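Trainee: Got a predicted structure here, sequence first:
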Amino acid sequence: GQNIDQPTEMTATEGAIVQINCTYQTSGFNGLFWYQQHAGEAPTFLSYNVLDGLEEKGRFSSFLSRSKGYSYLLLKELQMKDSASYLCASNNNNDMRFGAGTRLTVKP
Amino acid sequence: DTEVTQTPKHLVMGMTNKKSLKCEQHMGHRAMYWYKQKAKKPPELMFVYSYEKLSINESVPSRFSPECPNSSLLNLHLHALQPEDSALYLCASSQYRGNTEAFFGQGTRLTVV
């Protein structure tokens, strides 16, 4: 079975840093994806963590702890355009299944 | 070319109609997926094709029928749908099943009346 949890909504200020957490309990776990989805648009890939640790990609970083069933997405220097839903998705048994998503609102 | 193209973008159909959604990619990806997304909900996995063979059917009702004619194309045939089937249908592809990033199409917004 699978259970992926992330906060429903978050609000942050332009220029700030925000951390979006994701916990999972899945069988056949292979890795953890993060996707960004703007309203009315398709999800776009942000990161994929297989091994424990932090991976940095520009303003976005993603962290994974397999032993704790925990991941986070870190967004730095927030911009207004970062207002979107952020979806964590587990790769379990080679299929990607999404959590409920976190709706992030960036305010001036 | 990193595009997944879906047609049509919008579709309104009656409950007795038969229609098809189409998805195309030319990235040489060998895995293709159908997801269903309701408003303010995450995408839900429906079907997975790997090397043009159906690998996963997530207990989807038979009124949805997938087809993968070749490695670049994925169809979703619709018949006798219900109003609750109205949603955004997203197609995605990845190089291989599960181990790499998936590229999503813009989706078909389906309304069943």
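Mentor: Sure thing, it's come through.
Trainee: So what would you say the end-to-end distance of stretch B:60-72 is?
Mentor: 23 Å (C-alpha to C-alpha, to the nearest Å).
Trainee: do that stretch and chain A meet?
Mentor: No. Stretch B:60-72 lies apart from chain A when judged by C-beta under 8 Å from any C-beta of the partner chain; the minimum separation is 13.7 Å. Where C-beta positions appear, they are placed from N, C-alpha and C, glycine not excepted.
Trainee: Show the average pLDDT along that stretch.
Mentor: On average, the pLDDT along stretch B:60-72 is 95.
Trainee: mind listing what B:Leu54 touches?
Mentor: B:Phe47, B:Val48, B:Pro66, B:Cys68 (C-beta atoms under 8 Å, 6 or more residues apart in numbering or on different chains).
Trainee: what two of the residues you listed are the furthest from one another?
Mentor: B:Val48 and B:Cys68 (10.2 Å; C-beta to C-beta).
Trainee: picking that back up, just name the closest of the contacts of B:Leu54 to A:Asn92, please.
Mentor: Nearest member of the contacts of B:Leu54 to A:Asn92, counting by C-beta to C-beta, is B:Val48, at 12.3 Å.
Trainee: Over to that closest one. Which of the three states is it?
Mentor: Three-state call for B:Val48 (DSSP: H, G, I helix; E, B strand; the rest coil): strand.
Trainee: Could I get the pLDDT score of it?
Mentor: The model reports B:Val48 with a pLDDT of 93.
Trainee: same question, B:Thr2
Mentor: Per-residue pLDDT puts B:Thr2 at 65.
Trainee: ok, how many other residues are close to the closest residue to chain B within chain A?
Mentor: Relative to chain B, the nearest point of chain A is A:Asn94 (2.9 Å; C-beta to the nearest C-beta). A total of 18 residues lie near A:Asn94 under the criterion other C-beta atoms under 10 Å in any protein chain shown.
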